[in-house]
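Peer 1: Sequence isn't available, so here's the structure alone:
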């Protein structure tokens, strides 16, 4: 944290925020937990993507995570005389291969590759059980509808949930559920806002950004729109700014109904905003910019005195004198974002175990029932059959029959109990390590 000089706002580096989550990830990876494997897929030769890939590798090595970088397309270094490859060549095949590899716990793809709808298509190819970036449509749907807790089996369903969002009491998953994965960059921004006190811990969970007005510049499906929805679902009034329009996100009804006891809607709604960007910034307590352009700058003179400014883009979106108006300026969030990704990776590895056990659970229960019926049939046969004396298990005629039956039954019940214990333990681990803001 840079010292306040000449009345300027604080320049806050995110190292102190990242350190807290780094310790959490280390704890999640400590023995006897299995070391998870993360596969990074680099399909372009864009310097920012290459830098982020190497940064990911460095962070993984420092925390003991196994990281494998697979380079395809123009990211592959060409030998002399070889035909140059274009961006994205072979990327789909590599994603599918990683999906099918049981040794891979998480997959991340370095976007942009093709841009637009083609990149969105690639995001849907990544298995939701291995998506550590939270870019799959299942997770976006949950985020936009404020569905914070899910059942692991829902990740295998192709039909979105139609259930009404239940009132949120706290961040502890109800029995049989885990927390839904959140896109790591929006989650990293929220963690920064929590750290500096924008989120009010005294307020009810799920509404701790109430009373704050936030401007999010850029409405992409990777960062801007999910972040705006996340903040609005936590109670904030959000201006979602894009190149052609400004939308207002809020979960407070626009017209209060005196007969209704509900203070806010189950999830945010969006409305077209008639204010200009200058007018939005003049009333915004927090301004977050994620415009991928070196030439775009948020004008300092438009900012509200004492606001918080956060730069999410690779290029600096704020003018050099931003701290003349901003009380706190965070120039980058990358170190927190990568740790949100690694937290998601820890969750993914445990969630896959739950999904595997749950998928085999009905068959195991059937096997236990079959063993019980078989033992009962064997006892009945040995009790009434005249040929029982020649049956290899004729000892069951004796008093030992009851003991044998009881032991067999006990073994079956013990196996069943072990399965229940495994599922319960895994779910509790996921619940403890998955994060939905605002949870420290």
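Peer 2: Perfect, I can see it now. Just so we're clear, the structure is a prediction, and the values are computed from it rather than from any experiment. Numbers count the residues shown, from 1 in each chain.
Peer 1: before we move on, which element is residue 53 in?
Peer 2: Taking DSSP states H and E as the definition, one finds residue 53 inside helix 47-63.
Peer 1: where are the low-confidence patches of the protein?
Peer 2: Low-confidence segments of the chain, defined by pLDDT under 70: 1-6, 32, 81, 157-170, 254-264, 348-440.
Peer 1: Can you show me the strands along it?
Peer 2: Along the chain, counting by DSSP state E, strands occupy 10-11, 37-42, 66-71, 106-109, 149-150, 178-179, 213-217, 237-241, 246-250, 269-272, 286-289, 308-311, 328-330.
Peer 1: can you tell which of the ones you listed is closest to residue 58?
Peer 2: Among the strands of the chain, the nearest to residue 58 by Cβ to Cβ is strand 66-71 (9.1 Å). C-beta coordinates here come from the backbone N, C-alpha and C atoms, glycine included.
Peer 1: what comes up buried for that closest one?
Peer 2: By neighbour count with 16 or more other Cβ atoms under 10 Å, strand 66-71 contains the buried residues 67, 69-71.
Peer 1: Nearest to residue 310, out of these: which one, please.
Peer 2: Once Cβ to Cβ is applied, the member of the buried residues of strand 66-71 that ends up nearest residue 310 is residue 67, at 27.4 Å.
Peer 1: Tell me, how many residues neighbour the residue nearest to that closest one when sequence neighbours are not counted?
Peer 2: The shortest distance from residue 67 to any non-neighbouring residue, by Cβ to Cβ, 6 or more residues apart in numbering, is to residue 60 (3.7 Å). Residue 60: 22 surrounding residues under other Cβ atoms under 10 Å.
Peer 1: From residue 104, how far out is residue 60?
Peer 2: Distance of residue 60 to residue 104, computed by Cβ to Cβ, to the nearest Å: 13 Å.
Peer 1: okay, and the common contacts of those two?
Peer 2: Jointly contacting residue 60 and residue 104 under the rule Cβ atoms under 8 Å, 6 or more residues apart in numbering are residue 38.
Peer 1: Residue 282 touches residue 305, doesn't it?
Peer 2: No. The pair residue 282 / residue 305 is not scored as a contact, 9.6 Å apart, by Cβ atoms under 8 Å.
Peer 1: So if I had to pick from these two, which one is more boxed in?
Peer 2: Each of residue 282 and residue 305 has its neighbours counted (other Cβ under 10 Å); residue 282 has more, 16 against 9.
Peer 1: Would you mind measuring from residue 104 to residue 41?
Peer 2: 11 Å.
Peer 1: can you check residue 298 too?
Peer 2: Look at residue 298 and residue 41: by Cβ to Cβ, they are 33 Å apart.
Peer 1: Residue 122 too?
Peer 2: 9 Å.
Peer 1: again, but for residue 213
Peer 2: For residue 213, the distance to residue 41 equals 38 Å [Cβ to Cβ].
Peer 1: Please identify which of the two sits among more neighbours.
Peer 2: More crowded of residue 213 and residue 41, by other Cβ under 10 Å: residue 41, with 27 against 19.
Peer 1: pretty sure that one is touching residue 111, no?
Peer 2: No. Assessed by Cβ under 8 Å, residue 41 is found out of contact with residue 111, at 9.9 Å.
Peer 1: Make a markdown table from the strands of the chain and add distance to residue 31 to it.
Peer 2: Output for the strands of the chain, formatted as a markdown table (distance: least, Cβ to Cβ, whole Å):
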| stretch | distance to residue 31 |
| --- | --- |
| strand 10-11 | 39 |
| strand 37-42 | 17 |
| strand 66-71 | 15 |
| strand 106-109 | 20 |
| strand 149-150 | 29 |
| strand 178-179 | 23 |
| strand 213-217 | 41 |
| strand 237-241 | 43 |
| strand 246-250 | 44 |
| strand 269-272 | 47 |
| strand 286-289 | 39 |
| strand 308-311 | 37 |
| strand 328-330 | 35 |
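Peer 1: Quick check: which of the ones you listed is nearest to residue 127?
Peer 2: Among the strands of the chain, the nearest to residue 127 by Cβ to Cβ is strand 106-109 (7.3 Å).
Peer 1: Check which helices and strands that closest one is in contact with.
Peer 2: With contacts taken as 3 or more Cβ pairs under 8 Å, 6 or more residues apart in numbering; DSSP states H and E, strand 106-109 sits against strand 37-42, helix 91-100, helix 334-384.
Peer 1: Quick one: residues contacting residue 67.
Peer 2: Residue 67 touches 37-40, 56-57, 60-61, counting by Cβ under 8 Å, 6+ apart.
Peer 1: Distance check, it against residue 76.
Peer 2: Per Cβ to Cβ, residue 67 is found 18 Å from residue 76.
Peer 1: same check, this time on residue 235
Peer 2: Applying Cβ to Cβ to residue 235 and residue 76 gives a distance of 47 Å.
Peer 1: Out of those two, name the residue with the larger neighbour count.
Peer 2: Between residue 235 and residue 76, counting by other Cβ under 10 Å, residue 235 is the more crowded of the two (23 against 17).
Peer 1: List the residues that contact that one.
Peer 2: 203, 206-212, 251, 264.
Peer 1: residues touching the residue nearest to residue 145 when sequence neighbours are not counted, list them.
Peer 2: Counting by Cβ to Cβ, 6+ apart, residue 145 lies nearest to residue 267, which is 5.0 Å off, once chain neighbours are set aside. Contacts for residue 267 (Cβ under 8 Å, 6+ apart) come out as 144-146, 165, 233, 251.
Peer 1: Can you name the residues in contact with stretch 209-216?
Peer 2: Contact partners of stretch 209-216, identified using Cβ under 8 Å, 6+ apart, comprise 193, 198-200, 203, 224, 227-228, 231, 234-241, 280-281, 283-288, 290.
Peer 1: Show the buried residues in those.
Peer 2: If we count by 16+ other Cβ under 10 Å, those have these buried: 193, 198-200, 224, 227-228, 231, 234-241, 280-281, 284-288, 290.
Peer 1: that older thread, nearest to residue 154 among the contacts of residue 235?
Peer 2: residue 206 (20.2 Å).
Peer 1: Among the contacts of residue 267, which lie within helices?
Peer 2: Among these, the members falling in helices (DSSP state H) are 144, 233.
Peer 1: Scan the contacts of residue 267 and report the most crowded one.
Peer 2: Within these, neighbour counts (other Cβ under 10 Å) peak at residue 233, which reaches 30 neighbours.
Peer 1: show me the contacts for that one.
Peer 2: Contacts of residue 233 (Cβ under 8 Å, 6+ apart): 143, 146, 206, 251, 267-268.
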